[in-house]
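A.B. asks: Pasting a predicted model and its sequence here:
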Amino acid sequence: MELDFKSLTEATSGAVGGLVSTTLLYPLDTCKSKYQAEAKAGTARKYKSLFDVFWESVGAGKVLSLYQGLGTKSLQSVISQFIYFYSYSLFKQWYLAKAKVSKMGTGANLIVAAAAGTCTAVLTQPLDTASTRMQTSAFGKSKVLWKTLTEGSWSEAYTGFGASLVLVSNPAIQYTVFEQLKDFLLRPDVVVEIVGTDRRLSKSSPKALTAFQAFLVGASSKTIATILTYPAIRAKVMLQAAESEEDKATRLNGEPDCNARHRARNMLDTFKQIGQEEGVKGYFKGLHAQIVKTVLSAALMLMIKEKVATSTWIVMMAFRKWLLTSGKQLKTVSVPPSAVAPIAAVGVALASKAAK
């Protein structure tokens, strides 16, 4: 059995961090998604602010419904974070080996992060769509995962995939900024040592970011990525959102003012709808909520990942030692992107067809 323990450590610690941050911030995520999904403006809007969603759940006596879809979201978070960090680590090691360098530049980092994000989107899009539908369903009326996935055609599970591909740039930007800031903070300190009449220069640096440093760096990197990609984020939520009872009745009656979201089949159609109904400001509706939620989530995830990584590595090394002592042959290898390409190509082809 061939395993890359360094990549497994990155993936496992990232998955743990993603799970914890998703669970802690889930009610905020539900409020944000329902607020973003509303495709109405002016007096027709049901939610004037993020707090209106929360007070609706309180008024209906269904505060616990803010957690509807938590299981699916947690599953999606763990799987997507694991796939992302594992593929990112593999692609990074492959690039460093091929380029024969010890460190990636900004451009290479963006490309590697984008490749990892594409693999993640292809493999986890159905779970992403299902979790958004469950979150944006009427309080108390969310369906279970399997029913949510099977209520439409398989291609509908890839609704919003075009936006997901655009949003590959989000984590690419985020982790590139994070790595650059991390490298800056962990740059070696030059120390002058005087031995007799000789002066010697030596370098020392901390092994990892502190929890506070990781939190601040994570928050800063995610804020930049969120602002740059927010229009696509909102378009994706609108495409994946569950259909309300009111919109469903309007659509079935064939009324001409049927909510345009149900006519929008791709990101460009959604952009047109936002521009027509809400104007330029509509492209950034809910940006403050998105920043608060995603920045806190990313900062917590990266902070937890940094602190869990050391313990995870110790566990992985103990597991490796056990495998070796049990007589199994084990090698640490790096898998090139070409090994993932055939699977990704099939997924992209299916999903792209669904996104059109």
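C.D. replies: Yep, that arrived.

A.B. asks: And what about residue 46, helix, strand or coil?
C.D. replies: Residue 46 falls in the coil class when you classify it by DSSP: H, G, I helix; E, B strand; the rest coil.

A.B. asks: thinking it is in contact with residue 39, fair?
C.D. replies: No. If you go by CB atoms under 8 Å, residue 46 and residue 39 don't touch, sitting 10.8 Å apart. Heads up, the C-betas are built off the backbone N, CA and C, glycines and all.

A.B. asks: For the helix or strand where residue 182 lies, name the packing helices and strands.
C.D. replies: Assigned by DSSP states H and E, residue 182 belongs to helix 169-185. On a contact count with 3 or more CB pairs under 8 Å, 6 or more residues apart in numbering; DSSP states H and E, helix 169-185 meets helix 106-136, helix 211-240.

A.B. asks: For those, could you give me a markdown table that also reports distance to residue 92 and mean pLDDT?
C.D. replies: Output for these, formatted as a markdown table (distance: least, CB to CB, whole Å; pLDDT from 0 to 100):
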| stretch | distance to residue 92 | mean pLDDT |
| --- | --- | --- |
| helix 106-136 | 5 | 88 |
| helix 211-240 | 17 | 87 |
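
A.B. asks: Serialize those to CSV and add fields for distance to residue 81 and mean neighbour count.
C.D. replies: Output for those, formatted as CSV (distance: least, CB to CB, whole Å; neighbours: other CB atoms under 10 Å):
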stretch, distance to residue 81, mean neighbour count
helix 106-136, 8, 22
helix 211-240, 13, 21
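
A.B. asks: Which one of these lies nearest to residue 296?
C.D. replies: Taking CB to CB, helix 211-240 is the member of those nearest to residue 296, at 7.5 Å.

A.B. asks: quick one: which of the helices and strands packed on helix 169-185 is nearest residue 178?
C.D. replies: Closest among the helices and strands packed on helix 169-185, using CB to CB: helix 211-240, at 4.1 Å.

A.B. asks: Report the angle between that closest one and helix 169-185.
C.D. replies: Counting by axes from the mean of the first three to the mean of the last three CA atoms, to 10 degrees, helix 211-240 lies at 170 degrees to helix 169-185.
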